[in-house]
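**Student:** sequence first, predicted coordinates after that:
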Amino acid sequence: MANPPINVTHLAAVDAARAARVLSEVRAAALAGQRTRVAPRPVIEESWGRMLRSGVDPEHDFRSDLLSEEELRRRRDNSPLKQVLPVLRQGLLSVADVARHIMVVADSEGRVLWREGCAPVLRKADDLGFQLGADWREDVVGTNGVGTPAVVRRPVQVFAGEHFVRSQTSWTCTGAPITDPRDGKLLGVVDVSGPLDTMHPATLAWVDSVAKLAEARLREVHLDTLERLRAVAAPVLARVGGRALVVDRDGWTAAVTGMPYTGRVALPRGVRAGRRWLPALGVCSLEPLAGGWLVRAVDEPLPPGATRIVLDLARRRRWSVTVSSAAGSWSHELSPRHAELLYLLAVQRTGRSAAQLARDMFGDPARTVTVRAEMSRVRRYLGGFLAHRPYRLSEDAEVDLLLPDDPRDLLPHSTAPGVVRGRGT
């Protein structure tokens, strides 16, 4: 019978030094391929497996080049997390000096953008390479409180020997992802870190609750922005005939006339004024407004020319679909569920019925209502490139499917039977 996983929180709360020794033994045995006295926690064991497959060296840390001051400033200015720094500071820094913690905020690529807190701990973080502009992705520096939450998309505490790289095992890190409340896209990770004896059982819930407060603030900012744009849109749409809508710079709808309401329009990257083909609307005329765009539908057929759809599942947790045609190209980052659905359609070009997709997704052909609801959401950005009866990608499009080098890394957290078959496991 398999050994039960270690209860790190309980053990560390009673005796942090003993917990560190036990975890050091577990780490050494696991990396040597030996049976461990107690099993690592599942989230840690899965992370170690990813590290071994990706070739991270557990005995020698890797220091990436730091971002230049100019690039760091650019990323800070462009990051939505800049809007919630007051929330994070108020929630996490108020006890940082007393608890000997630092707060670290990284972007979706694992780059450290902000770092504040207890001065002596900041100096210790420098020794670990935990510096402004450093790259703390999991597949670069191993299991840690920034990179691992970004991969698994949930809060994670990494204590002592649970770090994959030896130089980090004198440290404890607790991180929580911050996602865009509008579409679930990962914006970054907030992390609280410090020496081993700063570990506390409540830290995980504390950091998670502050991350959720930050997401709530982002939701408020989004709603306030749309409300201001509606005031601009009302007189404009009153003068416009036909089908039209006003969207913000990211394509979220503020107001609509002459057509059914749609929550978001997929705008092309680097959008500019003029005629563009949009997935959900066809050919449209785009005109800039203060804080957004006026989008007017033009009843013309789809422009001629070959269309190419690239479904990119090769990058961990950065899955996307890109459509290129004579009218230009655009990309959309995929949620885990939509990545699963489009993978199944890409490997079954003849199409799948709702019942077949339900069986491939859930092992239950009766769950067609869920499948149809999700496919309706996919159609919002794929538009005419997604056919139905059966569901399939456009027969006129060339479809490229980009997969990870190791089949086991294909949508690694998916339990969909059709994906599991694709991994060959």
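**Tutor:** Looks like it arrived, so ask away.

**Student:** what are the ranges of the strands in the stretch 201-350 of the chain?
**Tutor:** 244-248, 253-257, 274-278, 282-289, 292-297, 307-312, 320-325, 328-333 (DSSP state E, counting those that start in this stretch).

**Student:** list the buried residues for the fifth one?
**Tutor:** For strand 292-297, the neighbour count (16 or more other CB atoms under 10 Å) marks 292-297 as buried. For the C-beta atoms, the positions are set from N, CA and C on the backbone; glycine is no exception.

**Student:** and of the strands of the stretch 201-350 of the chain, who's closest to Arg421?
**Tutor:** strand 307-312 (17.1 Å; CB to CB).

**Student:** other residues contacting that closest one?
**Tutor:** 318-325, 342-343, 346, 385, 393-394, 396-402 (CB atoms under 8 Å, 6 or more residues apart in numbering).

**Student:** please check the residues you listed and keep the buried ones.
**Tutor:** 319, 321-325, 342-343, 346, 385, 393-394, 397, 399.

**Student:** format the residues you listed as CSV; extra columns: distance to Gly175.
**Tutor:** Output for the buried ones among the contacts of strand 307-312, formatted as CSV (distance: CB to CB, whole Å):
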residue, distance to Gly175
Trp319, 21
Val321, 28
Thr322, 30
Val323, 34
Ser324, 36
Ser325, 40
Leu342, 29
Tyr343, 28
Ala346, 33
Phe385, 37
Leu393, 37
Ser394, 40
Ala397, 39
Val399, 36
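
**Student:** tell me the two of the residues you listed that are most distant?
**Tutor:** Once CB to CB is applied, the buried ones among the contacts of strand 307-312 give Ser325 and Tyr343 as the farthest pair, at 21.8 Å.

**Student:** so, low pLDDT: which residues of the stretch 151-300 of the chain?
**Tutor:** Residues of the stretch 151-300 of the chain meeting the criterion pLDDT under 70: 198-199, 299-300.

**Student:** can you show me the helices along it?
**Tutor:** Counting by DSSP state H, counting those that start in this stretch, the stretch 151-300 of the chain has these helices, from start to end: 203-239.

**Student:** isn't Ala314 right up against Leu403?
**Tutor:** Yes. Applying CB atoms under 8 Å, one finds Ala314 in contact with Leu403, separated by 6.0 Å.

**Student:** these two: which is more packed in?
**Tutor:** Here Ala314 and Leu403 are compared on neighbour count by other CB atoms under 10 Å; more neighbours surround Leu403, at 17 against 14.

**Student:** quick one: contacts for the more buried one?
**Tutor:** So, once contact is read as CB under 8 Å, 6+ apart, Leu403 ends up touching 313-314, 410.

**Student:** identify the bridge partners of the residue nearest to the spatial centre of the chain.
**Tutor:** Centroid-nearest residue in the chain: Leu186, 3.1 Å away (criterion: CA atoms, centre = their mean). With DSSP bridges as the criterion, Leu186 is bridged to Thr179.

**Student:** ok, it - contacts?
**Tutor:** Listed by CB under 8 Å, 6+ apart, the contact set of Leu186 reads 108, 150, 153, 177-180, 317.

**Student:** same deal with Gly263?
**Tutor:** By CB under 8 Å, 6+ apart, the contact list for Gly263 reads 252-253, 380.

**Student:** picking that back up, of the strands of the stretch 201-350 of the chain, which approaches Ala29 most closely?
**Tutor:** The nearest among the strands of the stretch 201-350 of the chain, by CB to CB, is strand 307-312 at 37.2 Å.

**Student:** now that closest one: buried residues?
**Tutor:** Using 16+ other CB under 10 Å as the test for burial, strand 307-312 gives 307, 309-312.

**Student:** just give me the neighbour total for the closest residue to Pro177 other than its chain neighbours.
**Tutor:** Of all residues not flanking Pro177 in the chain, Pro149 sits nearest, at 5.0 Å (CB to CB, 6 or more residues apart in numbering). Neighbour count for Pro149, taken as other CB under 10 Å: 31.

**Student:** thought Pro149 was touching Thr179?
**Tutor:** No. With contact defined as CB under 8 Å, Pro149 does not reach Thr179; the gap is 10.9 Å.

**Student:** and the strands of the stretch 201-350 of the chain as CSV, adding distance to Arg73?
**Tutor:** CSV is the format used below for the strands of the stretch 201-350 of the chain (distance: least, CB to CB, whole Å):
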stretch, distance to Arg73
strand 244-248, 25
strand 253-257, 30
strand 274-278, 31
strand 282-289, 26
strand 292-297, 26
strand 307-312, 29
strand 320-325, 27
strand 328-333, 24
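
**Student:** ok, Glu109 touching Arg137?
**Tutor:** Yes. Applying CB under 8 Å, one finds Glu109 in contact with Arg137, separated by 6.9 Å.

**Student:** comparing these two, which residue is more hemmed in?
**Tutor:** Arg137 (20 against 13).

**Student:** OK, contacts around the nearest residue to the more buried one once chain neighbours are set aside?
**Tutor:** The shortest distance from Arg137 to any non-neighbouring residue, by CB to CB, 6+ apart, is to Gly110 (3.5 Å). Applying CB under 8 Å, 6+ apart to Gly110 gives the contacts 135-138, 140, 146-147, 150, 189.

**Student:** where's Pro417 relative to Leu204, distance?
**Tutor:** 32 Å (CB to CB, to the nearest Å).

**Student:** tell me who's in contact with the closest residue to Leu245 other than its chain neighbours.
**Tutor:** Among residues not flanking Leu245 along the chain, Val256 sits closest, at 4.1 Å (CB to CB, 6+ apart). Going by CB under 8 Å, 6+ apart, Val256 touches 237, 244-246, 262.

**Student:** those residues, buried ones only, as a PyMOL selection?
**Tutor:** Listed next is the PyMOL selection for buried residues among the contacts of Val256, using 16+ other CB under 10 Å:
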select buried, resi 237+244+245+246
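
**Student:** where do the strands of the stretch 51-200 of the chain begin and end?
**Tutor:** Under DSSP E, counting those that start in this stretch, the stretch 51-200 of the chain gives strands at 102-107, 112-117, 156-159, 171-179, 186-195.

**Student:** of all these, which one is nearest Gln34?
**Tutor:** Of the strands of the stretch 51-200 of the chain, nearest to Gln34 by CB to CB is strand 156-159, at 21.1 Å.
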